[in-house]
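Chemist: sequence first, predicted model second:
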Amino acid sequence: MVRAVASGLAQSGSVDGYVYEVLKEVEPVLTSATRVVRPSPWYGFPPIAGPLAAVGTESRDRLRHALLTAHEDATGRELLKTLRLDAFADEPPSLFDTVAANMALIRKIA
């Protein structure tokens, strides 16, 4: 979407704030051809999700541990740096209450 707006193919668009901030860092020429008209409220960063059947399995627990401790070793920090993240966190589902409220609003309208 940012490329479409920057090139004039689209007059406006919507893009995740994290994506836009990373683009500003890695492609400043691209984002300099756009402007933020109205930022949305902050929402919880998208979760890492997996199949319900994986809950309680050793592989799921190992992956969860690797993600939550990535900031503690050099390889993990390199991964996080590439993703432009500080760390992964185990957050409560309530972090996404604003998303759920927006979905409820859309369901009322539709």
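Modeler: The structure has been received and is ready for your questions.
Chemist: would you map out the domains in the chain?
Modeler: If you go by automatic domain parsing, the domain ranges for the chain are 1-40, 58-110.
Chemist: and the shortest one, how far out from the chain middle?
Modeler: Distance of domain 1-40 from the chain centroid (C-alpha atoms, centre = their mean, to the nearest Å) equals 15 Å.
Chemist: may I see the buried residues of that domain?
Modeler: Val2, Val5, Ala6, Tyr20, Leu23, Thr31, Thr34 (16 or more other C-beta atoms under 10 Å). Bear in mind the C-beta positions are built from the backbone N, C-alpha and C, glycine included.
Chemist: of these, which is the nearest to Asp73?
Modeler: The nearest member of the buried residues of domain 1-40 to Asp73, counting by C-beta to C-beta, is Leu23 at 28.3 Å.
Chemist: on the three-state scheme, Ala66 is what?
Modeler: Using DSSP: H, G, I helix; E, B strand; the rest coil, the three-state assignment for Ala66 comes out as helix.
Chemist: next, the contact list for it, please.
Modeler: For Ala66, the contacting residues are Gly76, by C-beta atoms under 8 Å, 6 or more residues apart in numbering.
Chemist: switch the cut-off to 10 Å
Modeler: Counting by C-beta atoms under 10 Å, 6 or more residues apart in numbering, Ala66 touches Asp73, Thr75, Gly76, Leu79, Phe88.
Chemist: from those, list just the buried residues.
Modeler: In the contacts of Ala66, the ones that pass as buried (16+ other C-beta under 10 Å) are Gly76, Leu79, Phe88.
Chemist: run through who's touching the helix ranked longest in the chain.
Modeler: If you go by DSSP state H, the chain has its longest helix at helix 97-109. Helix 97-109 has contacts (C-beta under 10 Å, 6+ apart) with Ser40, Pro41, Trp42, Tyr43, Gly44, Pro46, Pro93, Ser94, Phe96.
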